[in-house]
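> for reference, the sequence and a predicted model appear below.
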Amino acid sequence: MSAHWPNAPVHPMSPDRSRFQHVIKHLYRPAEHWEQVVDGGGAVARERALQAGCPRWLLNQRLADTEAASSGCRQQVLQDYDRLLHPACETALEEGRDSGRWGRLPEGGAPGWLVVGAGGVVVVLRSVDRQTRLEMKSAWRPIPRQGRSRADFFKEAVRKLKDRTSWCSEDT
Amino acid sequence: MTLHPWIQAAVAELDGLDPHTHAPDDAWRVLVLVGRVLGAPDSPGVPAAVLGCVSMLATRAGPTNAPALLDDLAEALEDDSDPMGPLLDAMLNVDDALTVSQLEGKTAFTEELGARAAALVSVWPERVLALSTFAEMRIATTRSDHGVRALWRAVQQAPAELLAAHLPAARTARTAAPVTPRHPVPPRRPRGSPVVRHFDLPRQSVRAAAASTVSTTVEVGEGAWLHSTPSQCVLELELAGAGTTDVWIEVRRRGEEAILTTRTILVRHSRAAVEARLGPASIWEDLAREVDHPLEALEFQLVVRTRRDD
């Protein structure tokens, strides 16, 4: 049976490189204000990564280079995936499923879905490995044009969901 | 005539929003939705009461920060996560800005932003291949003269760009146009306290590159080399430390101070170097044509601005 949202269990992002880059690019990104949705997220988590030996330039990279990180840095970032980013995504998936805030993505190869949590966390899921596994592929908080409250983030995320999926039928 | 579901959704959402809102983000959304509905073929129109609020809503929403939108788009294109993720967000944000500027009748701004965004997209065709259905939808939901089409046409052209990249002989001709913005592009905004380096490009190497049928490498400054092949000119810079680098070309008449035009260059960072792809070797002739001067009468200077991280 195909692994489709919302009936199949969702697996974390893989491989480690993808987790590492998502934490640095999104969870640590000050403009995404993850502290609004997960305790210890955002600037606090970034500061901890600096203390763990992650160089500032690495945390500023667009595509953080896993190989350039010390083992201490890598461990801290991957821990932040397990402790902060992944649980925040799981919460977002539950909230999105229960509220019907999700839609089928129109394209991108493997069947995909976009789910929006109550805190404005957006998660992309794909059915991978010949549609036997449902996996998180991306998670971020779309940044509103001006507002910075949790409610502003939520509104922005819902608008991005509508723009992507309002024209797609469920059996796309 | 049945409205496209995307436009139907815009009409429905618009119906639920207050056109007198004071919230900047809501004001922007109303403008975007009005623009989408009015920009659609066989548009059903919007209520006069909403239309009458457009100017007030534009004031409340605030101006568009085009350089920031393009920076975000470039970042998302350079990324390698799912194209339906932050990349489509960045594309949608540009689409929104184009839709609103078209609604406001800002034709020059719309054309320039559309051309610059399309130029960026054409540099990473592999990243936008997966957005072709979305591009098709946006083309189908806009009138033939609509400003957003430049952006989505660039997505539709991605397969051809990608194919051209594998055909060396054809690459020059295929990539020259899309990578070239239609207007002089100002340097991207500075961040932090930048270090700026200038490299004069020797005229003989520019001429040689323009006419070259073989590969050449010229050291244009300390830690900076210009590699030229007929299909690609690449500036390679040693990195003295990590940071963000912006590169652009300034074009002047020989011996004169005034800049005739600039061309922003997209850069890729690796661990020890920055690679700035200037485009095909014909870039120098293209720039000369753009400013309507013979190549020999011009001087080219590469400007590299680096904000180093502490």
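Cool, got the structure.

> could you point out the longest helix of chain A?
As assigned by DSSP state H, the longest helix anywhere in chain A is helix A:150-165.

> that one near chain B at all?
Yes. For helix A:150-165, a contact with chain B is found by Cβ under 8 Å from any Cβ of the partner chain, at A:152, A:155-156, A:159-160, A:162-164. From N, CA and C alone the C-beta is placed, and that goes for glycine too.

> biggest separation within these, which pair?
A:Asp152 and A:Arg164 (19.1 Å; Cβ to Cβ).

> residue in chain A nearest to chain B?
A:Trp57 (2.8 Å; Cβ to the nearest Cβ).

> and that residue, how many neighbours?
19 (other Cβ atoms under 10 Å in any protein chain shown).

> so which helix or strand of the chain has the lowest pLDDT on average?
You didn't say which chain, so I picked chain A. Lowest by mean pLDDT, DSSP states H and E among the helices and strands of chain A is helix A:56-60, with a mean of 84.

> sorry, I should have been clearer: chain B.
Every helix and strand in chain B was compared by mean pLDDT, DSSP H and E; the lowest is helix B:168-179, with a mean of 39.

> in a helix, B:Glu275, correct?
No. Under DSSP: H, G, I helix; E, B strand; the rest coil, B:Glu275 sits outside any helix and is assigned strand.

> wait, it touches B:Val247, no?
No. At 9.8 Å, B:Glu275 and B:Val247 do not qualify as touching, with contact defined as Cβ atoms under 8 Å.

> same for the helix or strand where B:Asp96 lies, what does it pack against?
Element membership for B:Asp96, per DSSP states H and E: helix B:88-103. Contact analysis of helix B:88-103 by 3 or more Cβ pairs under 8 Å, 6 or more residues apart in numbering or on different chains; DSSP states H and E lists helix A:150-165, helix B:24-38, helix B:54-61, helix B:66-78, helix B:107-123, helix B:132-140, helix B:149-156 as its packing neighbours.

> next, the angle from the longest helix of chain A to helix B:24-38.
20 degrees (axes from the mean of the first three to the mean of the last three Cα atoms, to 10 degrees).

> and the helices in chain A?
A:16-22, A:43-51, A:56-60, A:71-80, A:86-99, A:150-165.

> bridged to the residue sitting nearest the centre point of chain A, which residues?
Centroid check for chain A by Cα atoms, centre = their mean gives A:Ala139 as the closest residue, at 1.4 Å. Assessed by DSSP bridges, A:Ala139 has beta-bridge partners A:Val123.

> quick one: pLDDT of it?
Note for A:Ala139: predicted pLDDT of 98.

> ok, how many other residues are close to the nearest residue to A:Arg164 once chain neighbours are set aside?
The shortest distance from A:Arg164 to any non-neighbouring residue, by Cβ to Cβ, 6 or more residues apart in numbering or on different chains, is to A:Leu114 (5.8 Å). Residues lying near A:Leu114 (other Cβ under 10 Å) number 25.

> ditto for B:Leu113
25.

> for it, which non-adjacent residue is spatially closest?
Once flanking residues are discounted, B:Leu113 sits nearest to B:Ala66: 5.3 Å by Cβ to Cβ, 6+ apart.

> give the contact list for that neighbour.
Listed by Cβ atoms under 8 Å, 6 or more residues apart in numbering or on different chains, the contact set of B:Ala66 reads B:97, B:109, B:112-113, B:116.

> more crowded one of B:Glu275 and B:Val247?
B:Val247 (25 against 16).

> how far off centre is the host helix or strand of that one?
Per DSSP H and E: B:Val247 is located in strand B:243-253. Taking Cα atoms, centre = their mean, to the nearest Å, one finds strand B:243-253 lying 15 Å from the centre of the chain it belongs to.

> overlap of the contact sets of B:Glu275 and B:Val247?
Contact criterion Cβ under 8 Å, 6+ apart; residues shared by B:Glu275 and B:Val247: B:235, B:267.

> which parts of stretch A:20-37 are buried?
For stretch A:20-37, the neighbour count (16 or more other Cβ atoms under 10 Å in any protein chain shown) marks A:20-29, A:32-34, A:36-37 as buried.

> the residues you listed: which ones sit near chain B?
Answer for those near chain B (Cβ under 8 Å from any Cβ): A:21-22, A:25.

> what's the burial count for B:Pro47?
Residues lying near B:Pro47 (other Cβ under 10 Å) number 12.

> could you measure from it over to B:Val11?
According to Cβ to Cβ, to the nearest Å, B:Pro47 stands 10 Å off from B:Val11.

> same question for B:Thr142.
Counting by Cβ to Cβ - B:Thr142 and B:Val11 are separated by 15 Å.

> report how many residues lie close to A:Ala43.
Neighbours of A:Ala43 (other Cβ under 10 Å): 13.

> give me the nearest residue to it, chain neighbours excluded.
Sequence neighbours aside, A:Pro30 is the residue nearest to A:Ala43 in space, at 5.8 Å (criterion: Cβ to Cβ, 6+ apart).

> I'd say the one you found and A:Arg46 touch.
Yes. At 7.4 Å, A:Pro30 and A:Arg46 qualify as touching, with contact defined as Cβ under 8 Å.

> buried set for stretch B:28-48?
B:28-40, B:46.

> near chain A too, which of those residues?
Restricting these to those near chain A - Cβ under 8 Å from any Cβ - leaves B:28-29.

> between the buried residues of stretch B:28-48, which is closest to chain A?
So of those, ranked by how close each gets to chain A (Cβ to the nearest Cβ), first place is B:Trp28, at 5.5 Å.

> give me the distance between the residue of chain A closest to chain B and B:Thr306.
11 Å.

> with B:Val100 instead?
34 Å.

> next: A:Glu95.
43 Å.

> and B:Trp284, by the same measure?
According to Cβ to Cβ, B:Trp284 stands 24 Å off from B:Thr306.

> same check on B:Val50?
Distance of B:Val50 to B:Thr306, given as Cβ to Cβ: 47 Å.

> how about B:Glu75: what's its closest non-neighbour residue?
Leaving aside its sequence neighbours, B:Glu75 sits nearest to A:Arg62 (Cβ to Cβ, 6+ apart; 5.3 Å).

> also A:Leu93?
Closest residue in space to A:Leu93, ignoring its immediate chain neighbours: A:Val115 at 5.4 Å, by Cβ to Cβ, 6+ apart.

> wait, doesn't the one you found sit right on A:Thr91?
No. Between A:Val115 and A:Thr91 there is no contact, the gap being 10.9 Å when judged by Cβ under 8 Å.

> the more surrounded of the two?
The residue with more neighbours, out of A:Val115 and A:Thr91, is A:Val115; 27 against 16, by other Cβ under 10 Å.
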